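Engineer: give me coordinates for this.
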Amino acid sequence: MHLSHPLFLLTLSLLSTLSTSQPSLSSLEQESLYQVLESINSDISWRTLFPDDLCYSSPHGVVCEYFTISGAGAGDESVHVTELSFGFVSDYSPNPPCNRHSKINVPALSAFKELKKLLFYKCFTGDEVPVPEFEGFSGVLEELVFIENPSLVGPFKGDIRSLSSLKRFVLIGSGVYGWVPPGLGELSSLEQLTFSRNRLSGDISGVNVSKLRNLKVLDLSYNGFFGNLPESFGGLESLLKLDLSYNGFHGEVPMSFKGLRKLEFLDLSYNRFFNCGVPLVLGEMTCLTEVYLSGNDLGGEIPEIWENLGGILGLGLSRNGLIGHIPGSMGVFLKNLCYLGLDNNKLQGEVPSEFGTLEMVSELNLENNSLSGEIPFDAKFVSKIGGKLKLKGNSQLCVDQELRVDDHLKHLKLCKKPEVPRLVLLHDSGSLVVLVSRVAIAISWGFSLFLIS
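Structural biologist: Now for the predicted structure:
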C-alpha cells in the first residue's frame, strides 16, 4: 500500500510536531548527569557516546519520567531523571560499569529533584569512598541501595529524616561502621531496611521503631550490634522477615514478639542468647515458615509449642545446648518441614517414630547428640534424603541390616534383635513327645520330663 503525496506530507508534519513538542531534559540535569557518569567511570567518553538528550538516548540504568507543570496550561510537561542505577549486573541489566576509582558526586546528584531510586552495585571496590550525607539526596528518594561496595567506608552522616519518602534502604557488604543513622525510626514510609555484612555496631536496646508500621523486611545480620532486643520490635505489625543473625544480642526474646502476627522468616542464630530456652512466644507466631536459632546457648528442653506452627519449612536449633528427649509432636505437627537441624546438642533418647513420616523433609541433621535405639526410617525415606540424613556422633543409635547397606548409614552399628526362644523335641521311653524350650534347667536322670518355659 502506497501513501498519496499529500497524505505522506501530512504524516511527516505530524511526526515533526510530535517530536518538537516533547519536553527536553533541562541543561542543568543534562550536565549533572554527565558529571555523575564521569565520576562513576572516567574511562568512558560519555559525552561522545551519548551527545543527545539523555532522557531519549541514554545508557541503561538511567530512567526519566514526564511531569505536568503545576499551574501550566494543558499539555505543558517537563521531564526529569527519576532513577539511576550504576554497576554492571548482567547482560539483562547492563548498567554503566564502575571502576576502581569510582566516586559519588553528591553535588551533581543533588540536581535531580525528582530522583526516586539510586543504586550502586559493586562500584566502590578500589579507592576508599566516604559515606555521602543524606541531605545531598532528593527529598522524594524512595530507594537507596548499595550492594557489595567494600570501599564505601565511614560512619553515616547527617539526619536521615530528610529522606522522608524512603521506602527501601539497602546497605550490603560495605565498610560502613558506627551507629545506625539518626532519625531512622522516624521514616514511617520505610518498607525494607537491610543493613547486612557491614561494620555497624552499638547497643540498640533503646531504639524505638514503633513508627515503622509499614516495615516488611528488617535485616541487621553480620554486624556488631549488641544488647537486649528492643521491645518495640514487637510493634512492627507488617513485618515479614526479621534477620538479626551473627551479632551480639543477648537476654531473652521479648514476649512482645507475639505482635509479629505476619512474620514468616525469623533468624536469631549466632548471637549470645544464654540459658533462656527455646522462646515459647514462637508458638504464637503462626505465620512462621523459617526459624533459625542455632549457635545460641539456649539450654533447656525442646518445648511443646508446635501445634500451630504447621507452616514451618525450615527449623534450625543446632548448637543450642538443648537437653532431654526430642518431642514426637514435632513430627506430628511440622508436616511441611524441609530442613530440621538439631545437631550438636545434648539430646537423649530415641529418634521419634513420627520423624519417619516427614514426607517433605530433604535434610535432617541429628549429629553429635546422645541419641539411642533403632532409627525409625524405612528404605524409601533413607534413599530419598541420602547424605542429608545426618546421624553421626550418636554412638548408641543403630540400624537394621536392610538399611545398613546404604553408604550413608554404614557408620551406625547393627541393632541386636531379641533372641526368640527355640523349641526342642524330647521323648521318653514310651515315645511320648513333649516340647521343651532351650531355657535349660537340669533334670535328674530318671525323673519324668516336664515342660520348662
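Engineer: which residues of the stretch 351-453 of the chain fall in helices?
Structural biologist: Secondary structure of the stretch 351-453 of the chain (DSSP state H, counting those that start in this stretch): helices at 379-385, 401-404.
Engineer: C-alpha coordinates for the first one, PDB please?
Structural biologist: Once non-C-alpha atoms are left out, helix 379-385 reads as follows in PDB (Å, rounded to 0.1, in the frame of the first residue of the first chain):
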ATOM      1  CA  ALA A 379      14.400 -47.700  53.000                       C
ATOM      2  CA  LYS A 380      12.400 -45.200  50.900                       C
ATOM      3  CA  PHE A 381      13.000 -42.400  53.400                       C
ATOM      4  CA  VAL A 382      16.700 -43.100  53.500                       C
ATOM      5  CA  SER A 383      17.000 -43.300  49.800                       C
ATOM      6  CA  LYS A 384      15.200 -40.000  49.200                       C
ATOM      7  CA  ILE A 385      17.300 -38.000  51.700                       C
END
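Engineer: any chance you could map the helices in this structure?
Structural biologist: 5-21, 27-40, 46-49, 106-109, 329-333, 379-385, 401-404 (DSSP state H).
Engineer: just give me the lowest mean pLDDT stretch among the ones you listed.
Structural biologist: Of all those, mean pLDDT reaches its minimum on helix 5-21 (a mean of 43).
Engineer: residues touching residue 336, list them.
Structural biologist: 310-313, 360 (C-beta atoms under 8 Å, 6 or more residues apart in numbering). Where C-beta positions appear, they are placed from N, C-alpha and C, glycine not excepted.
Engineer: ok, 6 Å please
Structural biologist: Listed by C-beta atoms under 6 Å, 6 or more residues apart in numbering, the contact set of residue 336 reads 313, 360.
Engineer: and if you look at residue 179?
Structural biologist: Contacts for residue 179 (C-beta under 6 Å, 6+ apart) come out as residue 202.
Engineer: measure it to residue 195 for me?
Structural biologist: 11 Å (C-beta to C-beta, to the nearest Å).
Engineer: thinking again about what came up before, between the helices of the stretch 351-453 of the chain, which one is nearest to residue 295?
Structural biologist: Residue 295 lies closest, by C-beta to C-beta, to one member of the helices of the stretch 351-453 of the chain: helix 379-385, at 23.7 Å.
Engineer: list the buried residues for that closest one?
Structural biologist: For helix 379-385, a neighbour-count test (16 or more other C-beta atoms under 10 Å) marks 381-382, 385 as buried.
Engineer: give me the nearest residue to residue 131, chain neighbours excluded.
Structural biologist: Leaving aside its chain neighbours, residue 131 sits nearest to residue 154 (4.6 Å; criterion: C-beta to C-beta, 6 or more residues apart in numbering).
Engineer: so what sits opposite the one you found in the bridge?
Structural biologist: Judged by DSSP bridges, the bridge partners of residue 154 are residue 176.
Engineer: from here on, count from 643
Structural biologist: Understood, numbering begins at 643; the last thing we discussed is residue 796.
Engineer: measure it to residue 682 for me?
Structural biologist: Residue 796 is 19 Å from residue 682, by C-beta to C-beta.
Engineer: higher neighbour count, these two?
Structural biologist: residue 682 (26 against 16; other C-beta atoms under 10 Å).
Engineer: which ones are touching that one?
Structural biologist: Counting by C-beta under 6 Å, 6+ apart, residue 682 has contacts 728, 738, 740, 744.
Engineer: for those, work out which two are farthest apart.
Structural biologist: 738 and 744 (9.9 Å).
Engineer: neighbour-wise, which of these two wins?
Structural biologist: residue 744 (25 against 22).
Engineer: how about the more buried one, what does it touch?
Structural biologist: 682, 765-766.
Engineer: at 7 Å instead, please
Structural biologist: 682-683, 765-766 (C-beta atoms under 7 Å, 6 or more residues apart in numbering).
Engineer: circling back to that earlier point, which one of the contacts of residue 682 sits closest to residue 804?
Structural biologist: residue 728 (21.9 Å).
Engineer: related to what we said a few turns ago, joint contacts of residue 738 and residue 744?
Structural biologist: Common neighbours of residue 738 and residue 744 (C-beta under 7 Å, 6+ apart) are 682-683.
Engineer: could you give the number of residues near residue 927?
Structural biologist: 21.
Engineer: I'd assumed residue 901 was in contact with it.
Structural biologist: No: Residue 927 lies out of contact with residue 901 (C-beta atoms under 7 Å); the separation is 9.3 Å.
Engineer: what ranges do the strands span in the stretch 693-842 of the chain?
Structural biologist: 704-710, 719-728, 759-763, 771-772, 785-796, 810-820, 834-838, 841-845 (DSSP state E, counting those that start in this stretch).
Engineer: if you count contacts, what does the first one end up packed against?
Structural biologist: If I follow you right, that is strand 704-710. Taking 3 or more C-beta pairs under 7 Å, 6 or more residues apart in numbering; DSSP states H and E as contact, the helices and strands that strand 704-710 lies on are strand 719-728.
Engineer: if you set the cut-off to 10 Å instead, what comes out?
Structural biologist: Judged by 3 or more C-beta pairs under 10 Å, 6 or more residues apart in numbering; DSSP states H and E, strand 704-710 is in contact with helix 669-682, strand 719-728.
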